[in-house]
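> Let's see this in three dimensions:
(2 chains)
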Amino acid sequence: MSLDIRVPIGLLFLALGGLLAGFGAVTHFTNPAMYAKSLEVNVNLWWGLVMIAFGAFMFRLGRKGVKPAAPSSDL
Amino acid sequence: MHTSLAWIDYLIMVIYFAFVLGIGFALKRFMKTSTDFFLSGRSIPAWVAGLAFISANLGAQEVIGMAASGAKYGIATSHFYWLGAIPAMVFVGLFMMPFYYGSRARSVPEYLRLRFDEKTRGLNAISFAAMTVMSSGISMYAMAKLIETLHIFDPLMQTLGLPQSYIFHLSIVVSALITLGYVYLGGLTSAIYNEVLQFFLIVAGFFPLIWLGLKNVGGWSGLVAKTPAGFGHAWQGMTDPDKNPLGVEWFALAMGLGFVLSFGYWCTDFLVVQRAMAADSMTSARRTPLIAAVPKMFFPFLVILPGLIAIALPTPTAADAPPGASASVVKAETMGLGIIPAKVDLQGNVEVDTNGKPVLDYDLAIPNMLLHYFPTGLLGLGLTALLASFMSGMAGNITAFNTVWTFDIYQAYIKPQASDKHYLWMGHFATLFGTVISIAAAYVATQFNNIMELLQLVFAFVNAPLFATFMLGMFWKRASADGAFYGLLSGIAAAAIHHGVTLPAGAVPGVKGGWLYVAHGYRNEMAQNFWTAIWAWSVCFVVTIVVSFLTKPRKEEELVGLVYSLTKHDVDEHLAWWKRPAVLGVVVLLMTLGLNIIFM
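Residues are numbered from 1 along each chain as shown, chains lettered A, B, ... in the order given. Model prediction:
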């Protein structure tokens, strides 16, 4: 199949991570009270950033077509 | 727990669904032959197949069910992973995959036909097809029930002008349509690709939950201090069923779960084996379950810990209830354990068991944890992860069903020798009616309070005897076709009889057992299932051997590539040592042993 699954994974995580981080950044000042349940941690912001990093990593791998550590054509 | 969703939560769900269906559309143009549709053209790299291998099994019943068992039995639930999955996954990769992949069989029942004969294949194909739609139905039921209980979509229903009672039906239909959509479009590849996507999403959605939960209860030691004695250990008190939360002794655990149920599931269930069979080479196929074993090893932390944290948290009091909560909801929460509420019947009364204690709704452990810790935004992600887990479980079943139906039932008995185009059409059509039967099965699943136990029961009937057939078939060349068939038949019969004459504590005779006569009682459903599996396996094993000796064996030259002693094994001699399946297998087993010792 010529669709590399790492590309859609990367794009999905970039989209969702961007959305969460952006929302987290805005609510950090407008509505800090909503983070009472998450132990005063702005989980939207930092988890969004983690997801962006992961998404960018997967997208890059997929775009470059880098084979994962174990090449599959070894038989 | 009461929460309503905001626009961002809905947006996250919508984006996810767009990706899921988008993958289906993107793959549609590659689905030209039945091999593309049912086998992904045997072109999937090992790591993708590996993640799909565990993700197909990581359905709602696992995420919800394992957290439920975590809350009910504690860390002992990890036996379902460290004893009840990893060793079997290593075994299937090292010893069984050469025959599955090497024989070029398109399905597990087809391997049975090559090794034995048509009637053994038929029996397996039919029981397996029934089992897949059943478990896909359970997956659907679990999700719909959950959505209904959480009341999170109630405002949406009001906006749409629909009565609130429709939410159960609507959830089933919508989720079935989405899964149907991407499997119909992109076949097995679409299912596998989405399973990999779902795998990462599930980890992303649940990881912050564990982090926040553990931080809240004071880390691991705080958690152990706040949960019942023994909940922090996997092996304590296993000498006596009365001394551990599982209610089983080590023999039933090791033999029933660790050997029969686990090997029966991971080695013979086409749902998972199909993912490895789609791999792009023999080495990839063998490496698939071994790669899968590594994340699988750490799943207990992701799915069992939330259950434990849920019961470690303080139980809400009536004063905690938000204004406007109905009396029955407040009663259920205050009579629960931790943040797991009691079950409430339609009249608003808390349900009690035969000892007068409230019956807890353990399946709500994970969802209540999400609502407890996640703010708007991340809550949308957590719920999307739940929906994703549900879909991967359902799509896995549907792809296994359409393949077995098309190749092993339709092509074998209804219309042999049709064109490839016709079977491709049949595959699409089977995807459609498989989904419809699953919906029907979802409405049957409402009888049980721990869906994991129902599932184990089905596995005990179907997979447990089958594993005896496979073991003998792959490793004993004398095993004959008649031996396999009558062995399998008597194994299933033994499971039925055992289930019919035993009953778990607190249950009434009926679907939970004892429908023939109650000769023996078990501490719980789990113990009963383990013994059902042990009986089914043993009877199949013995009957197969006896009948094989009474019947004619097959010629040895017909069994090359199908039986261990008649097949060459040195496929990985040329690989670097760290790429060899055998080495990977040993590493995986040592790591698992380590985890068992740490949490002993």
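> Name the residue of the stretch 151-300 of chain B that lies nearest to chain A.
B:Ser281 (4.0 Å; CB to the nearest CB). Backbone N, C-alpha and C define where each C-beta goes, glycine included.
> and that residue, how many neighbours?
19 (other CB atoms under 10 Å in any protein chain shown).
> Quick check: pLDDT value at it.
What the model reports as pLDDT for B:Ser281 is 89.
> swap in A:Ser72?
pLDDT, read off for A:Ser72, is 46.
> remind me, longest helix of chain A?
Longest helix in chain A, counting residues (DSSP state H): helix A:6-30.
> Flag every buried residue along that one.
A:6-17, A:19-21, A:23-24, A:27 (16 or more other CB atoms under 10 Å in any protein chain shown).
> Which helix or which strand is home to the residue lying closest to B:Phe25 once chain neighbours are set aside?
What sits nearest to B:Phe25 in space, not counting adjacent residues and going by CB to CB, 6 or more residues apart in numbering or on different chains, is B:Leu185, at 6.0 Å. Taking DSSP states H and E as the definition, B:Leu185 sits inside helix B:167-217.
> what's next to the helix or strand following that helix, contact-wise?
Remark: after helix B:167-217, the chain's next helix or strand is helix B:219-226, criterion DSSP H and E. Defining contact as CB atoms under 8 Å, 6 or more residues apart in numbering or on different chains, one finds that helix B:219-226 is touched by B:214, B:217-218, B:231-232, B:305, B:308-309, B:312.
> between helix B:219-226 and helix B:167-217, how many degrees?
110 degrees (axes from the mean of the first three to the mean of the last three CA atoms, to 10 degrees).
> The stretch 351-500 of chain B: helices as residue ranges?
B:365-373, B:378-403, B:420-444, B:451-475, B:481-501 (DSSP state H, counting those that start in this stretch).
> In contact with residue 59, which residues are there?
Picked chain A for this. A:6-7, A:9-11, A:14.
> My question was about chain B, not that one.
Here B:Gly59 is in contact with B:135, B:139, B:389-390, B:392-394, B:396 (criterion: CB under 8 Å, 6+ apart).
> again, but for B:Leu337
Neighbours of B:Leu337 in contact, by CB under 8 Å, 6+ apart: B:71, B:311, B:315, B:360.
> Weed out the non-buried ones from the residues you listed.
Among these, those buried by neighbour count (16+ other CB under 10 Å) are B:71, B:311, B:360.
> Leaving out sequence neighbours, find the closest residue to the second one.
Read it as B:Ile311. B:Gly338 (3.7 Å).
> and that neighbour, backbone torsions?
Per-residue torsions, B:Gly338: phi 60, psi -130 (degrees, to the nearest 10).
> ok, it - contacts?
B:71, B:310-315.
> So which of the residues you listed are in helices?
Under the assignment DSSP H, the contacts of B:Gly338 contribute B:71, B:310-312 to helices.
> Hmm, B:Leu123 and B:Leu489 touching each other?
Yes: with contact defined as CB atoms under 8 Å, B:Leu489 reaches B:Leu123; the gap is 6.8 Å.
> Quick one: name the residues of the stretch 301-450 of chain B near chain A.
When proximity is defined as CB under 8 Å from any CB of the partner chain, the stretch 301-450 of chain B approaches chain A at B:372-378, B:381.
> I'd like to know which of these are buried.
B:372-378, B:381.
> Poorly predicted segments of the stretch 101-250 of chain B, please.
Residue ranges of the stretch 101-250 of chain B with pLDDT under 70: B:237.
> Chain B too?
Ranges of chain B meeting pLDDT under 70: B:1-3, B:237, B:321-325, B:354, B:447-456, B:569-573.
> 50 instead?
Counting by pLDDT under 50, chain B shows low-confidence ranges at B:1.
> repeat for chain A
Applying pLDDT under 50 to chain A flags residues A:70-75.
> What's the local residue count around residue 39?
The chain I'm using is chain A. Neighbour tally, A:Leu39, other CB under 10 Å: 13.
> Correction: the question concerned chain B.
B:Leu39 has 22 nearby residues by other CB under 10 Å.
> same question, the one 10 residues further on
The burial count assigned to B:Ala49 is 28, neighbours taken as other CB under 10 Å.
> wait, B:Asp117 sits on B:Leu488?
No: judged on CB under 8 Å, B:Asp117 makes no contact with B:Leu488 at a distance of 11.8 Å.
> tell me which of the contacts of A:Phe59 is nearest to chain B?
Nearest to chain B among the contacts of A:Phe59 is A:Ile9, at 5.6 Å by CB to the nearest CB.
> for the spatially closest residue to the closest one that is not a sequence neighbour, phi and psi?
With CB to CB, 6+ apart as the criterion, A:Ile9 has its nearest non-adjacent residue at 4.8 Å, and that residue is A:Met58. A:Met58 adopts backbone torsions of phi -60, psi -40, taken as degrees, to the nearest 10.
> Which residues lie in contact with A:Met58 in this structure?
A:Met58 is in contact with A:6-7, A:9-10, A:13, counting by CB under 8 Å, 6+ apart.
> any idea how far B:Ala88 is from it?
Here the criterion is CB to CB, to the nearest Å. By it, A:Met58 lies 30 Å from B:Ala88.
> Chain B: strands as residue ranges?
Counting by DSSP state E, one finds strands in chain B at the ranges B:502-504, B:520-522.
> so of these, which one's packed in deepest?
Greatest average neighbour count among the strands of chain B goes to strand B:502-504 (a mean of 21), per mean count of other CB atoms under 10 Å in any protein chain shown.
> Name the helix or strand for the residue nearest to A:Phe13 when sequence neighbours are not counted, please.
Leaving aside its sequence neighbours, A:Phe13 sits nearest to A:Gly55 (CB to CB, 6+ apart; 3.0 Å). Assigned by DSSP H and E, A:Gly55 falls within helix A:43-64.
> in that helix, what's buried?
Buried, per 16+ other CB under 10 Å, within helix A:43-64: A:43-45, A:47-52, A:54-55, A:58-59, A:61-62.
> what does stretch B:299-314 give?
B:299-313.
> My guess is B:Ala395 contacts B:Tyr184. True?
No: assessed by CB under 8 Å, B:Ala395 is found out of contact with B:Tyr184, at 10.6 Å.
> More neighbours: the two, which one.
Applying other CB under 10 Å to B:Ala395 and B:Tyr184 shows that B:Ala395 carries more neighbours, namely 31 against 21.
> so how far is B:Ala56 from the more buried one?
For B:Ala395, the distance to B:Ala56 equals 8 Å [CB to CB].
> B:Asp408 now?
For B:Asp408, the distance to B:Ala56 - CB to CB - is 19 Å.
> With B:Ala442 instead?
Taking CB to CB, one finds B:Ala442 at 18 Å from B:Ala56.
> ok, now B:Glu351?
B:Glu351 is 34 Å from B:Ala56, by CB to CB.
> Which one's more surrounded, the two?
B:Ala56 (27 against 14).
> What values do phi and psi take at that one?
phi -60, psi -30.
> May I ask you to confirm that it is in contact with B:Gly393?
Yes: look at B:Ala56 against B:Gly393 with CB under 8 Å: they come within range, at 7.2 Å.
> Check the gap between the residue nearest to the spatial centre of chain A and A:Tyr35 for me.
Most central in chain A under CA atoms, centre = their mean is A:Met51, positioned 2.3 Å from the mean C-alpha point. Per CB to CB, A:Met51 is found 18 Å from A:Tyr35.
> One more: B:Asn524?
Following CB to CB, the distance that separates B:Asn524 from A:Tyr35 is 40 Å.
> do B:Leu112 as well
56 Å.
> Give me the more crowded residue out of those two.
B:Leu112 (29 against 20).
> Surely that one is in contact with B:Asn124?
Yes: when contacts are counted by CB under 8 Å, B:Leu112 is listed as touching B:Asn124 (5.4 Å).
> dump the residue contacts of B:Val539.
B:465, B:487, B:490-491, B:493-494.
> Could you rerun that using 6 Å?
Residues in contact with B:Val539 (CB atoms under 6 Å, 6 or more residues apart in numbering or on different chains) are B:490-491, B:494.
> Fine, thanks again, bye for now.
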